[in-house]
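Participant: sequence unknown, structure follows:
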C-alpha cells in the first residue's frame, strides 16, 4: 500500500512516522510545498528576539534523517496542485517541474494560512510581514537586522501577535498593537484579558483595541485606524488569524464546512473513502458542545496525525473532538485557557455560572509565591465544567492543564476539591488553587453562595441593591474604592449588623472575593439577602478603572 501525505508539519509528519512504526510494508510519501518539514512553528517568535539563538533548533527533522530512520520519502518544495480522485493521483509542482504521484490512501494535512484582509494600500505596503513558517521568520530576522526598525506595529492581538510584540520589544523596538476587537486575546474573557493588557502597557507597549487598520499609506509607513487615528510604522506584522488551507480539497470536490474547513468523520475520512484529512485544515467537534469548530493548535494536530495512521492500518480510533487548551507568555505573565469562554457559552445559549478566585502559586509563606487569578465556568446545577482561564507569573500552566484533564474526564466542579496534588512549600499549597476554585464553584452549585458578575453590578445598584466593602481602611486608601460602597471591615461586621438594610439585597465586595464570601455567610446566617461580587474589587477595577476613587 502506498500512502501519500500532503503537508509535512505536525499532523502530516505525525501520521507518517506512526504509519512506519505500525508497518514496514507501507510506502510512505510526504509532499511539502515549503523548504522544511517537521519544524517548530510555535518557536518562531522567540527566534526573532534571539531567545532561541540557533535557527537549527527550529528544524526538528530533515528529509535525510526521516529517510534514514523511518524510510519515509519526503519531497520538500513540492506543492500538490491537483488531486485526481478517479485515477487516485496527485499532481505536483516542484520549482516548475510537474510530477504525478499515485496513492492508495491520501492524507491531507495542509494546515492553515494567515488571514490577509482587504485593506486599502496593503498591496503597495513594502514593510508588512506574516509569520507562519521558517522562510517567514528568515525574512523578518533579516529585515530587523538590516533595516533596524525603530517603530513596529503588530496588527492582531491573538497568541502569535502578542508573542511577536514581546519579542520585538526585547530588541528595543517601540511596539504598537492594533486589535479591531474590543479586547486583546479573544480566547479569554474581557476581565481576564484586562490583566494582560495592563502588563503590555507596563512594559511600554501601546495598545489600541476596538480600532482596526483601515488603510496603509506611504508604502506602509503610515497606518490609518478605524478610530480616525494615524500611527507610524517602520515594520508591520499581520497577525489577524488563520484560515484552513483547503483550496486543494475544494478543487477536488471534497466537502468543506465552517470557514472552508475540510469536513471529516470520526475516523478523519472525507467524502472520498480513500482520502483523509487532519490538522488545522479540518472541522472538528468542540468536545463540550459537539458544535463544529476550528481549533488550530499543535497538540490536537499531532494527535490526529497519529490516530489517522491507526485508522488506515486497521486500528480502531475515533476523533473525540477537541476542547481548545492554550497558553501564551506575555513578558512576566502567563495567560492560559481551556474549554469554552463566557462569550462562547452565551453564543451557545448554555446555562452557566462563573466564579473567580485568587490564590498563590505555592505556599504563601515560602519565598517567591505569586498570585494566580483563575476563572471557572460551569453548569449551575450539575457542576459540569465548561472552561477555565488563568493569569499569573507562575504555575498557570499546571492549573489549566489540570482543569483541561478534568473536562476531558467528564469531572464536575464537585470533583475538583477531591483532587490530590504533590505538596511541599516550594511547589504548591495544601489547598491548591484548583481545589480552592472547586470549593468556590461547589458552594454555588450547592446553594451556599450566590454571586454577581462585574458587568451586573451597575444594574443591581440602580435597582436598589446595597454595596458593602469589607476590606480594611488601609486597602481602600492604597487601592481605591467604589463611590457607592459602604465600608465595614470584615472583622467588625458582626458588630455593625444593625447598620445594614434588612429590606435590600446586599452585594458584598473585598479585594478578590474570599473575604466577601466569609461576609456573605455571616450575613446570610443572620437573615440578610446577600450576593458576593465575584472577583470583587480586583476584577471590577480592572474593567472600570475610571470608576475607582482614590
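Facilitator: Sure, I can see it. Values in this document were obtained by computation on a predicted structure and should not be read as measured data.

Participant: so the spatially most central residue of the chain, which of the three states?
Facilitator: Nearest to the mean C-alpha position of the chain, by CA atoms, centre = their mean, lies residue 326 at 4.3 Å. What DSSP: H, G, I helix; E, B strand; the rest coil gives for residue 326 is strand.

Participant: Bridging across strands, which residues link to it?
Facilitator: Listed by DSSP bridges, the beta-bridge partners for residue 326 are residue 337.

Participant: Now do the contacts for it.
Facilitator: Taking CB atoms under 8 Å, 6 or more residues apart in numbering as the contact definition, residue 326 lies against 159, 187, 297, 336-338. The way it works is simple: take the backbone N, C-alpha and C, and place the C-beta from them, glycine included.

Participant: now for those residues, which pair is the farthest apart?
Facilitator: Of all pairs drawn from the contacts of residue 326, the one with the longest distance (CB to CB) is 159 and 338, at 13.9 Å.

Participant: Those two: which is more packed in?
Facilitator: Set side by side, residue 159 and residue 338 show more neighbours around residue 338, with 27 against 22, by other CB atoms under 10 Å.

Participant: Run through the strands of the stretch 51-200 of the chain in chain order.
Facilitator: 73-75, 79-84, 89-94, 97-102, 105-108, 112-114, 128-129, 151-155, 174-179 (DSSP state E, counting those that start in this stretch).

Participant: just those: most buried one?
Facilitator: strand 105-108 (a mean of 26; mean count of other CB atoms under 10 Å).

Participant: Partner strands of it, with direction?
Facilitator: strand 2-6 (parallel), strand 275-277 (parallel).

Participant: Show me how the protein divides into domains.
Facilitator: Following the assignment in automatic domain parsing, the chain carries domains at 2-111+243-312, 128-177+194-240, 332-445, 451-549.

Participant: Now do the end-to-end distance for the third one.
Facilitator: Terminal residues of domain 332-445 are spaced 35 Å apart (CA to CA, to the nearest Å).

Participant: State the mean pLDDT of it.
Facilitator: Mean pLDDT, computed over domain 332-445, is 97.

Participant: how far is it from where the chain is centred?
Facilitator: In terms of CA atoms, centre = their mean, to the nearest Å, the centre of domain 332-445 is set 16 Å apart from its chain centre.

Participant: again, but for the last one
Facilitator: Once both centres are worked out by CA atoms, centre = their mean, domain 451-549 turns out to sit 32 Å from its chain's centre.

Participant: ends of that domain, how far apart?
Facilitator: Distance across domain 451-549, first residue to last, is 24 Å (CA to CA).

Participant: again, but for the longest one
Facilitator: Counting by CA to CA, the length from the leading to the trailing residue of domain 2-111+243-312 is 11 Å.

Participant: Just the helices from the stretch 351-500 of the chain, written as ranges.
Facilitator: 396-408, 433-445, 457-462, 473-479 (DSSP state H, counting those that start in this stretch).

Participant: quick one, the second one and helix 396-408 angle?
Facilitator: It stands for helix 433-445. 50 degrees (axes from the mean of the first three to the mean of the last three CA atoms, to 10 degrees).

Participant: which residues are in contact with helix 433-445?
Facilitator: 353, 355, 357, 359-361, 372, 374, 376, 378, 380-383, 388, 390, 395, 399, 402-403, 413-417, 419, 421, 449-451, 513, 517.

Participant: The helix or strand containing residue 283: partners in the sheet, and parallel or antiparallel?
Facilitator: Element membership for residue 283 (DSSP states H and E) is strand 282-285. Strand 282-285 has its sheet partners listed here by DSSP bridges as strand 262-263 (parallel), strand 292-293 (antiparallel).

Participant: dump the residue contacts of residue 175.
Facilitator: Contacts for residue 175 (CB under 8 Å, 6+ apart) come out as 152-154, 165, 168-169, 204-206.

Participant: make that residue 432, sorry
Facilitator: Contacts for residue 432 (CB under 8 Å, 6+ apart) come out as 359, 399, 419, 421, 423.

Participant: What subset of those is buried?
Facilitator: The neighbour-count test (16 or more other CB atoms under 10 Å) marks 359, 399, 421 as buried among the contacts of residue 432.

Participant: With distance to residue 75 as extra columns, can I get the residues you listed in a markdown table?
Facilitator: Output for those, formatted as a markdown table (distance: CB to CB, whole Å):
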| residue | distance to residue 75 |
| --- | --- |
| 359 | 52 |
| 399 | 43 |
| 421 | 47 |
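
Participant: Isn't residue 396 up against residue 337?
Facilitator: No. Contact criterion CB atoms under 8 Å: residue 396 and residue 337 do not qualify, at 10.0 Å.

Participant: hey, what's in contact with both of those two?
Facilitator: Taking CB under 8 Å, 6+ apart as the criterion, residue 396 and residue 337 both touch 327, 390.

Participant: and the residue lying closest to residue 497 once chain neighbours are set aside, how many neighbours?
Facilitator: Closest residue to residue 497 apart from its sequence neighbours, by CB to CB, 6 or more residues apart in numbering: residue 526 at 5.8 Å. Residue crowding around residue 526 was assessed by other CB under 10 Å; the count is 13.
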